[in-house]
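S.K.: Just need the structure, nothing else, for what follows:
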Amino acid sequence: MHIMEGFLPVEHAVGWSLAAAPFVAYGIHSVNRRLREHPELRMLLGVAAAFSFILSALKLPSLTGSSSHPTGVGLGAILFGPAAMAPIGFVVLLFQALLLAHGGLTTLGANLFSLTVVGPFVAAGVFRLATACRASCNVGVFLAACLADLMTYVTTAGQLAFAFPDPIGGFGAAFAKFSGIFALTQIPLAISEGLLTVLIFNALRRFNAQELQMLRQPRREADA
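M.R.: Down below sits the predicted model:
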């Protein structure tokens, strides 16, 4: 993921930035409302942000112009809902671009959309579905984190294929090529991230039970 600085055509960079902007704006509103109601959740929100920052900084070589790494967005999406991860991810990606040369400013919108929009919504949806199917909490957390990671990279492969279609096979051939290369490193990384997220979530259930109980309180439908 983390498409490098200057790699996307200008019109693609602008388009993805415009697509991601509403999610960041609404996420800020959602997080601020939640923290006004329960300011004691700030520490737990910080844990979710740190988890995403650390995991998404552990990059491995993959595609030219991109990299492969865990995402860390599943935990925050499960705890606070997917909307909260857009502003958190914005800060994470901005710091990584400026301090670690990981990603870039011109590609910030594209990276935001795959990492902090698609990934978190997949994680929240999978976790709710697993809960509705009466799967154990550990199974739900694992599937949510693992599939959010994979779908982030499916989105990135689509972004790259859209920007650089194959001269013969077009978008479909380029997408198959990009996603196939990502799969070599990302499938084991996604499984590892799922297992690690289960461990962290269980630790939070043990040591932050009161905060988690607050998060289980009914949310407004818009926070879903």
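S.K.: Run through the strands of the protein in chain order.
M.R.: For the chain, applying DSSP state E gives strands covering 60-61, 67-68.
S.K.: Please name the nearest non-neighbouring residue to H102.
M.R.: Q96 (4.2 Å; Cβ to Cβ, 6 or more residues apart in numbering). For glycine as for every other residue, the C-beta is placed from the backbone atoms N, C-alpha and C.
S.K.: would you turn the strands of the chain into CSV with mean neighbour count, mean pLDDT and distance to G169?
M.R.: Shown next, in CSV, are the strands of the chain (neighbours: other Cβ atoms under 10 Å; pLDDT from 0 to 100; distance: least, Cβ to Cβ, whole Å):
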stretch, mean neighbour count, mean pLDDT, distance to G169
strand 60-61, 10, 76, 25
strand 67-68, 21, 84, 23
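S.K.: still on that earlier bit, for the residue nearest to H102, give its distance to I200.
M.R.: Distance, Q96 to I200, using Cβ to Cβ, to the nearest Å: 20 Å.
S.K.: more crowded one of these two?
M.R.: Neighbour totals were compared for Q96 and I200, and Q96 leads with 20 against 17 (other Cβ atoms under 10 Å).
S.K.: Am I right that that one is in contact with L58?
M.R.: No - contact criterion Cβ atoms under 8 Å: Q96 and L58 do not qualify, at 11.1 Å.
S.K.: Give me the pLDDT for L112.
M.R.: Here the pLDDT value assigned to L112 is 96.
S.K.: oh sorry, the question was meant for A224
M.R.: You'll see A224 listed with a pLDDT of 42.
S.K.: The chain should start at 541 in everything you say after this.
M.R.: OK, 541 is where the count begins now, so the last one is A764.
S.K.: Next up, phi/psi of the residue located most distally from the centre of the chain, please.
M.R.: Computed with Cα atoms, centre = their mean, the maximum C-alpha offset from the centroid of the chain is found at I708, amounting to 32.1 Å. Torsion angles at I708 (phi, psi; degrees, to the nearest 10) stand at phi -100, psi -50.
S.K.: Chain neighbours aside, what residue packs nearest to V632?
M.R.: Sequence neighbours aside, F593 is the residue nearest to V632 in space, at 4.7 Å (criterion: Cβ to Cβ, 6+ apart).
S.K.: Look up how far T725 lies from the residue nearest to H642.
M.R.: 18 Å.
S.K.: And for A749?
M.R.: For A749, the distance to T725 - Cβ to Cβ - is 36 Å.
S.K.: quick one, which of the two is more surrounded?
M.R.: T725 (18 against 9).
S.K.: The more buried one - nearest residue in space that isn't next to it in sequence?
M.R.: S608 (4.0 Å).
S.K.: who's that neighbour bridged to?
M.R.: Bridge pairing for S608 (DSSP bridges) gives the partners L600.
S.K.: Do I have it right that it meets T692?
M.R.: No - in terms of Cβ under 8 Å, S608 does not count as a neighbour of T692; the distance is 10.6 Å.
S.K.: For the closest residue to R582 other than its chain neighbours, give me its contacts.
M.R.: If you skip the residues right next to it in sequence, R582 has L575 as its closest partner in space, 6.2 Å away by Cβ to Cβ, 6+ apart. Shown in contact with L575 (Cβ atoms under 8 Å, 6 or more residues apart in numbering): L581, R582, L585.
S.K.: Tell me where the model's unsure across this structure.
M.R.: 541, 756-764 (pLDDT under 70).
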